[in-house]
Every structure is written in structure tokens, then in C-alpha cells.
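Student: How does the following fold in three dimensions:
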Amino acid sequence: MKLYITGPVGSGKSTLARKLSQEMNIPFTSLDGVVYVPDATDSWGNRKREESQRDELFEKALLSSDWVMEDAGRKCFQAAMEQADWILLLDFPPRTRKWRIVKRYLKQKLGVEKCLYRPQFQILRSMFRWSRNYDIGKDDLKKRLETYGEKVLTAKSDGDVLKYSQNFIDYHTTEKKARTAGVSIKTLK
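Tutor: Residues are numbered from 1 along each chain as shown. Below is the predicted model:
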């Protein structure tokens, strides 16, 4: 199964993607890690990879027969949306995302949670701006997802996430059994 998890900052993409990857025993790729590399000399604590290097890492991740990827929906990773069996949009209310952004920032400042950047006030402000850009459609993520029709599922609550998570796990288990039996996966969709 190929699952692409997307949504605005603070929606829980990384946490969910890691969890599903472990439960289904399939590779997980955080596309932030494909875009950025740690760099202690940079004021943000990271720097962007060269586009060619980024694209090479991304294309390599796409080659796996099964994967879970998460990203905020950058246009340079559109191929993941195209190749995914399912796209899960985490569309939590702004208040929930703001709380999660603050909580994550505090954990990172205390060293409890690792990150690809230097946790500083500037990044916190940027996260709030990115979250707002999603809400007003400036990042055009929702518009771009419209082209993928029924393979886009939207979770607006923790209950939705739980339901979809179990469905993905069940689907993946069925898919693995079908592969083993030599049945076409397309007949299961």
C-alpha cells in the first residue's frame, strides 16, 4: 500500500505516518527530511538540499512497493499524490493545530522532541503563518487534492484518524494476503 498523509503544520502528519509505518511494517518517509538537511552553521539549524539531490531521494522513496509518506503538500512532491493508493488529508480545526504547534515548540525547546531545525521564536511564527496560509487557501493544497477524487480521505478529528488508521491497516493486511496468493491488487479496490 502507498499512503500519502498531508495537511497543514500541527495536524499530526509525522506522528500518524510513523505509527502507521510501524504497524504495517512498511517504509516511512518524512518529506521534510528529503528537503532539508541539518546544518549547525545556519541560523535555522538546517539548509535546503540541492533540488537534484532532493529529487533523487524522493524518487528513490517512490520506488518501494509500499510506503507511507507525509508532507504539507509541496508541489515538488506531486508524484507521491499521483502514485498513492490513498491520500489522507488531516484537516483539524485551527484551534487544535495552534495548540499542537505551541506544544511541539515547547517540547523542542526543552529537548524532549527532536526536529530538523533550531527551535526558536522565528520558526514558531512561521508555523502559525503556514497554518494560516492553509486556512485561507494560499497554499492551494485543498484545490490540488480535488483532482484525486475518491482516493482522498479527510480526517477532521482524532476519531476520524482512528477509523482511517484501522481501515488502512486492514486494507494493507488484505493486500499482502492477495499478493501472496497471486491475486491482482486492483480487484481489491
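
Student: Please make it C-alpha for all contacts and neighbour counts, starting now.
Tutor: Fine.

Student: top helix in this protein by residue count?
Tutor: helix 158-181 (DSSP state H).

Student: helices or strands next to that helix in the packing?
Tutor: Applying 3 or more C-alpha pairs under 8 Å, 6 or more residues apart in numbering; DSSP states H and E, one finds that helix 158-181 contacts helix 13-24.

Student: Would you mind pulling up the elements that the helix it packs on packs against?
Tutor: Helix 13-24 packs on strand 2-6, strand 28-30, strand 67-71, helix 158-181, going by 3+ C-alpha pairs under 8 Å, 6+ apart.

Student: ok, the first one: who's next to it in the sheet?
Tutor: Yep, that's strand 2-6 we're talking about. strand 67-71 (parallel), strand 86-90 (parallel) (DSSP bridges).

Student: So which residues make contact with it?
Tutor: 13, 17, 65-73, 80-81, 83-90 (C-alpha atoms under 8 Å, 6 or more residues apart in numbering).

Student: ok, back up a step: run the angle between the longest helix of the chain and strand 86-90 for me.
Tutor: 170 degrees (axes from the mean of the first three to the mean of the last three C-alpha atoms, to 10 degrees).

Student: and helix 158-181, how far from the chain's centre?
Tutor: A distance of 17 Å separates the centroid of the chain from that of helix 158-181, by C-alpha atoms, centre = their mean, to the nearest Å.

Student: Mind listing what's buried along it?
Tutor: Val161, Tyr164, Ser165, Phe168, Ile169, His172, Glu175 (16 or more other C-alpha atoms under 10 Å).

Student: In this structure the last one contacts Met24, no?
Tutor: No - in this structure, Glu175 is not within contact of Met24 by C-alpha atoms under 8 Å, at 11.2 Å.

Student: Could I get the buried residues of helix 158-181 in TSV, plus columns for distance to Ser43 and pLDDT?
Tutor: Compiled in TSV, the buried residues of helix 158-181 are given as follows (distance: C-alpha to C-alpha, whole Å; pLDDT from 0 to 100):
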residue	distance to Ser43	pLDDT
Val161	35	95
Tyr164	39	94
Ser165	37	92
Phe168	39	92
Ile169	40	90
His172	42	87
Glu175	45	81
